[in-house]
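K.L.:
Below are the sequence and a predicted model for it; my questions follow.
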Amino acid sequence: MNDLNELKAIWHSAKTDELPDAAGMLQIIKKYHTGKLIKNSFRLLFAVAMVGMMIWAIFDSPGVVLPTRIGQVLILLAGLVLVISTSSSVVRFYRYNAVSNKDYIQFLERTRARQLFYYQKTQVVVLVLSCTGLLLHFYEAYHSKKFVTFLIVYTSTLVFMFIMWFYVRPRIFGKQSKKLNEMINRLHDISKQL
C-alpha cells in the first residue's frame, strides 16, 4: 500500500498551473487555426492581385526589349508559384477540423514539415525568380542609355534582395517556427497529462 500512497503523492504534486484547461486549449487552437487561415487568405488575395497586375503590365507595355519580357515572365512565374503554394495552404487549413488532440498534433507536425519545405525550397524559388525577373525587367533602363537610373534601380534591387534573403526571411521563419513549436509542445504536454 505504501507504493500506492507514494504514487498518489506524486500525482497530486504534479504542477499543472501553466497548462490550460480543455476549454482554454480549445480556444487557443481555434485562435491559432483561424489566425493562420485569415493570414493565408490575405496572402493569397495579395498574390492573386500581384499576378493580375503583372499580367496587365505584360499586355499593356508594347515594344519592350526581350530581357524585359523575360523578366516579366519570371516575375509572373514567381507569383504563380506563390499563388499555388498559398492556395494549397488555405485549402488545407479550411478543410481541417480537429477531432482530437492527437489528430491536431499530427496536423501541426505536417504544418511544421510544410513550413520547413516552404522556407528551404518554395521561398527560395520565388525569391530567385522574382529577383532575377526584377533585374531583367529593369534592363531596359540600361538599354535606353539611362545609366544613372540603371545604377539606382539595380543597386536598390540588390539591396532589397540581400535584406530579404539575410534578414527578413530568417527572422519571419524563426518567429513562425517558434510559435508553431510552442503550440505543438503545449498539445504534447496536455496529451501527456491525459
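P.N.:
Now that the structure is in, tell me what you want to look at.
K.L.:
got the contact list for stretch 64-83?
P.N.:
Contact with stretch 64-83 is made by 44, 47-48, 50-51, 54-55, 57-58, 61, 122, 125-127, 129-130, 132-140, 143, as judged by CB atoms under 8 Å, 6 or more residues apart in numbering. For every residue, glycine as well, the C-beta is placed using N, CA and C.
K.L.:
Check the average confidence over it, would you?
P.N.:
Per-residue pLDDT over stretch 64-83 has a mean of 89.
K.L.:
Send me that stretch as CSV with only the CA atoms.
P.N.:
C-alpha atoms of stretch 64-83 as CSV (Å, rounded to 0.1, in the frame of the first residue of the first chain):
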residue,chain,number,x,y,z
VAL,A,64,9.8,46.3,-74.9
VAL,A,65,13.1,44.5,-75.3
LEU,A,66,13.4,40.8,-74.9
PRO,A,67,15.2,40.8,-71.4
THR,A,68,12.3,42.9,-70.1
ARG,A,69,9.8,40.4,-71.4
ILE,A,70,11.8,37.5,-69.9
GLY,A,71,11.9,39.4,-66.6
GLN,A,72,8.1,40.0,-66.7
VAL,A,73,7.5,36.3,-67.3
LEU,A,74,9.9,35.3,-64.4
ILE,A,75,8.0,37.7,-62.0
LEU,A,76,4.7,36.2,-63.3
LEU,A,77,6.0,32.6,-62.6
ALA,A,78,7.1,33.6,-59.1
GLY,A,79,3.7,35.0,-58.5
LEU,A,80,2.0,31.8,-59.8
VAL,A,81,4.2,29.6,-57.5
LEU,A,82,3.2,31.8,-54.6
VAL,A,83,-0.5,31.6,-55.5
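K.L.:
tell me which residues in that stretch are buried?
P.N.:
With burial defined by 16 or more other CB atoms under 10 Å, the residues of stretch 64-83 counted as buried are 64, 67-68, 71-83.
K.L.:
for the protein, what's the longest helix?
P.N.:
helix 22-60 (DSSP state H).
K.L.:
For that helix, name the packing helices and strands.
P.N.:
Applying 3 or more CB pairs under 8 Å, 6 or more residues apart in numbering; DSSP states H and E, one finds that helix 22-60 contacts helix 66-95, helix 169-193.
K.L.:
Present those as TSV; the columns should include distance to Val153.
P.N.:
Formatted as TSV, the helices and strands packed on helix 22-60 follow (distance: least, CB to CB, whole Å):
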stretch	distance to Val153
helix 66-95	12
helix 169-193	22
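K.L.:
Mind checking those helices for the one nearest to Lys102?
P.N.:
Lys102 lies closest, by CB to CB, to one member of the helices and strands packed on helix 22-60: helix 169-193, at 6.7 Å.
K.L.:
Regarding Val65, what are the backbone dihedral angles?
P.N.:
Reported as degrees, to the nearest 10, the phi and psi values for Val65 are phi -80, psi 160.
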